[in-house]
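Peer 1: Got a predicted model here, sequence first, then my questions.
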Amino acid sequence: MKTNDQYAQFPAPGEIRIMRTLPGPIERIWTYLTDPEKRSRWFAGGPMELKAGGKMELLFQHKNIAPNEAPPPEHAEMHEHGWKMPGTVLRCEPPRVLSYTFDEDSDVTFELIPQDKESKSVLLILTHRARGEDVKSLTGYASGWHSHFSILIAQLEGTTPPPFWATHARLKAEYEKVLPKT
């Protein structure tokens, strides 16, 4: 399995870690995490105050990242009409660390590490920590991040992205088999 296809790791209860090597430079990757228009192409748009304590809102519109796909019935409404997730920026250290609240009881941290002096590749490490009721959603979070990162990689490389919903469904079933039982 190629590095960018590797499964998420579950280093601690309620925690997901995914690592991907992306084509740099680091400033380019930072804009795909922070610029609402670029972020909307692979994940979710929405405003973000780039400072600790800053307000943000993720605007999920999956019909934009998967325009020719029919979502599973349980996701049809959100696919078509989208939804908003308010949050708070926890850490913002451009262009290396971005962390924010996510969903009801989670937070996510993106770390960017240049892999060579020429900044041709950047290691992205995502850590998603879930607490409370969000722990029940770990397989969905893992398959979601995995699928979204596949779209990000295609965006950065200028290639055709994989189908979002089919990839997400396949990965969710696979993650349910490998997720450590607590």
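Peer 2: Perfect, thanks for sending it.

Peer 1: Just give the closest residue to the residue positioned nearest the centre of the chain, not the sequence neighbours.
Peer 2: The centroid of the chain falls nearest to residue 145 when counting by CA atoms, centre = their mean (4.0 Å). Residue nearest to residue 145 in three dimensions, not counting chain neighbours: residue 18, with 5.4 Å by CB to CB, 6 or more residues apart in numbering. Quick note: C-beta positions are derived from backbone N, CA and C, even for glycine.

Peer 1: Any stretches of the protein with poor pLDDT?
Peer 2: 1-3, 119, 180-182 (pLDDT under 70).

Peer 1: Now do the strands in it.
Peer 2: Applying DSSP state E to the chain gives strands spanning 15-23, 55-60, 83-93, 97-102, 106-114, 121-130.

Peer 1: Please work out which residues outside the helix ranked longest in the chain touch it.
Peer 2: Ranked by residue count, the top helix of the chain under DSSP state H comes out as helix 138-157. Helix 138-157 is contacted by residues 4, 7-8, 10, 14, 16, 18, 20, 22-23, 28-29, 32, 41-43, 65, 106, 124, 126, 128, 130, 134, 160-162, 164, 167-169, 171-172, 174-176, 179 when judged by CB atoms under 8 Å, 6 or more residues apart in numbering.

Peer 1: what's the answer for stretch 64-84, then?
Peer 2: Contacts for stretch 64-84 (CB under 8 Å, 6+ apart): 40-43, 46, 57-63, 148, 151, 161, 163-166, 169.

Peer 1: For ChimeraX, write a command that selects the buried ones of these.
Peer 2: A single ChimeraX command selects the buried members of the contacts of stretch 64-84 (16 or more other CB atoms under 10 Å):
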select :40,41,42,43,46,58,59,60,61,62,148,151,161,163,164,165,169
